[in-house]
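J.: Okay, here's the prediction I keep looking at, along with the sequence it came from:
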Amino acid sequence: MLIVESKGLIKRYGNERVLDHAELTIKEGEIVGLLGPNGAGKTTLIHALCGLVTIDAGTIHLFGKELTGNLTNIKERIGLVTQELTIFEELTAKENLTFFGGLYGLRGETLQQRIEDALDFVGLQSQAKKQPKTFSGGMKRRLNIACSLIHQPKLLIMDEPTVGIDPQSRNHILEAVRKLQKQGTTILYSTHYMEELQAIASRVVIMDQGHIITEGTIKDLIATIQHEEKINLEVAAASGDLLSKLQQLEGVKQVISEGNNLQIISRLGAGNLDRTLTLAKEAGGVLSISAEKPTLEDVFLTLTGKHLRDGEEYHE
Ligand SMILES: Nc1ncnc2c1ncn2[C@@H]1O[C@H](COP(=O)(O)OP(=O)(O)OP(=O)(O)O)[C@@H](O)[C@H]1O
């Protein structure tokens with residue numbers, strides 16, 4: 001079953017088309033990664049899917065129903081983790097969850113059980129009675145996620161949930177996302193961090209200038225780009241003779257040397273690792289070697305001509 005189906009979405013701010021025929025489908029049980037450079041329209045798309053911005057044209061179906069008119073029945077099945085924190089700093093973690101649970105009509109024992117489950121899910125059980133103002137940035141983000149899970153949504157939409165957080169909190173969040181998927185939740189996950197998608201996404205959708213420019217599994221996306229293989233080599237002695245022999249290997253496009261560090265760039269599939277190693281050993285020995293395969297970052301760069309935003313330092 002399709003949980004999300006948007007067709008021909010257009011959203012204008014002034015003369016700018018922020019969404020320009022954005023088409024997105026998400027099947028039940030998928031974790032779909034949403035990637036795009038700054039300003040691509042990801043947050044606008046997410047807000048449109050949650051009914052938070054009105055669209056100028058197009059249709060959105062969630063759980064098979066069109067997102068128009070009375071939305072309560074649809075909205076209660078969605079959880080949104082916003083980019084900005086939506087928790088109350090002066091309330092304890094438990095009081096925050098009680099508040100958000102109350103908004104969904106949860107009461108009594110059910111609410112208490114959900115609060116425990118939500119805290120457990122994000123690894124904050126021991127912090128239940130503490131105020132978020134005493135938390136690290138990562139703990140606040142985890143509480144923010146717990147608040148959006150309290151009503152056990154069938155579709156969870158996460159808009160850059162790990163920006164600027166510590167590695168431990170990031171791992172907690174990725175682990176929680178995997179667990180949610182196993183429990184049957186469908187997830188749309190927007191991020192700038194390729195390695196997160198590598199770890200969790202069933203499928204990746206790349207967005208630029210208001211529309212989806214490509215989508216597929218990470219493996220399939222990488223297979224679509226013609227790329228080079230790179231071998232990085234540190235040798236005992238980078239003689240002119242070695243450089244010229246490496247240059248003559250079949251499929252080698254370029255040999256870049258910087259002291260005893262060499263980078264050999266070959267056509268994809270040239271399979272020069274063994275031959276490179278043999279030549280370097282004959283020339284005096286190899287201190288280190290590594291091979292680089294094309295990554296999702298390369299796909300992104302090829303398609304958009306842009307780098308993703310540099311990863312921020314985390315701050316506590
Ligand atoms: N309320 C608004 N009024 C006017 N312009 C807006 C508004 N909201 C977004 N925009 C513009 O729409 C474009 C897309 O913004 P959006 O936040 O959807 O991008 P994004 O892909 O989520 O970017 P980021 O990765 O930086 O969060 C940007 O040019 C932004 O300035």
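T.: Arrived safely. Residues are numbered from 1 along each chain as shown.

J.: Could you tell me how many residues sit around the closest residue in space to G285 that isn't next to it in sequence?
T.: Using C-beta to C-beta, 6 or more residues apart in numbering and skipping residues adjacent in sequence, the residue nearest G285 is A236, 4.1 Å away. C-beta: built from backbone N, CA, C; applies to glycine. Residues contacting A236 under the criterion other C-beta atoms under 10 Å number 13.

J.: Please name the residues that touch A236.
T.: 260, 283-287 (C-beta atoms under 8 Å, 6 or more residues apart in numbering).

J.: N260 now?
T.: Listed by C-beta under 8 Å, 6+ apart, the contact set of N260 reads 234-238, 287.

J.: at 7 Å instead, please
T.: 234-238 (C-beta atoms under 7 Å, 6 or more residues apart in numbering).

J.: So what does it look like in phi/psi?
T.: With angles defined as degrees, to the nearest 10, N260 sits at phi -90, psi 10.

J.: Not counting its neighbours along the chain, what's nearest S148?
T.: Closest to S148 by C-beta to C-beta, 6+ apart is G79, at 4.2 Å.

J.: Tell me how many other residues crowd that neighbour.
T.: 24.

J.: Helices of the protein, residue ranges please.
T.: Taking DSSP state H as the criterion, the chain carries its helices at 42-49, 72-75, 93-103, 108-121, 137-149, 167-182, 194-200, 218-224, 240-248, 273-282, 296-304.

J.: Now tabulate those in TSV and tack on mean pLDDT.
T.: Shown next, in TSV, are these (pLDDT from 0 to 100):
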stretch	mean pLDDT
helix 42-49	95
helix 72-75	79
helix 93-103	95
helix 108-121	94
helix 137-149	93
helix 167-182	90
helix 194-200	88
helix 218-224	85
helix 240-248	95
helix 273-282	91
helix 296-304	79
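
J.: Tell me what the residue nearest to S148 is bridged to.
T.: G79 has these beta-bridge partners by DSSP bridges: L156.

J.: Can you lay out the contacts of N260 as CSV showing pLDDT?
T.: Listed next are the contacts of N260 as CSV, based on pLDDT from 0 to 100:
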residue, pLDDT
E234, 95
V235, 94
A236, 92
A237, 89
A238, 91
